[in-house]
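[1] compute the structure for the input listed below.
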Amino acid sequence: MPASDTPAPVAPAPVDTERVRRSVQGLGLRYFIDDEGDVGIPWRLVTIHVIFQDTRAIQLRGVWHRIAETENLPHLRELVEDWNVTRIGPKAYLTIDDAGVVRLHGEATYPLRAGMTDQQLSDFIFTSCRLIIALMRQAEERFPDPLSGGLEP
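    Now for the predicted structure:
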């Protein structure tokens, strides 16, 4: 292709909920807008939320739909430690509420200071979703639920 026919590179631009929504739509993913105005991407056993950290960063956070009790905590900690030691992302962590309910989370973060091109945004969303789903698949393999099938959307 002659140099004059080469499309000019698209400059990074600020990222907002509308750009995220268009990107998710362009990827063919189902989504919803939650009560706080964030985009949520539902999968069978994980819901991934797109959350902004002011204008500093965008995060994709997934929460495994399965709930564990504190007696499973040592095994879940082992899973999280193994995941974080052997992979560069997404970050895996656990939360425990006052009732003793344990939740597994996966989180990917991208700095927004320079903005993102549409391709960067789509790539970040697609890759982060797939990596968070991989974490949840590993959890499903280690802690199978006899009442559920696979993790495919």
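
[2] any idea which residue sits dead centre in this protein?
    Residue closest to the mean C-alpha point of the chain, counted by CA atoms, centre = their mean, is L60 at 3.8 Å.

[3] right, and that residue touches V50 too?
    Yes - with contacts counted by CB atoms under 8 Å, L60 reaches V50, the gap being 5.8 Å. (Each C-beta comes from the backbone N, C-alpha and C, glycine too.)

[4] tell me, what's touching these two both at once?
    Common neighbours of L60 and V50 are listed as I125 (criterion: CB atoms under 8 Å, 6 or more residues apart in numbering).

[5] now do the same for P2: its pLDDT.
    pLDDT, P2: 51.

[6] quick check, A108 in contact with A92.
    No - the criterion here is CB under 8 Å, and A108 misses it with A92 at 10.7 Å.

[7] higher neighbour count, these two?
    Just comparing A108 and A92: by other CB atoms under 10 Å the higher neighbour count belongs to A92, 24 against 20.

[8] and the host helix or strand of that one, what's buried?
    In the assignment (DSSP states H and E), A92 maps to strand 91-96. Residues of strand 91-96 classed as buried: K91, A92, L94 (neighbour count, 16 or more other CB atoms under 10 Å).

[9] that'll do, ta.
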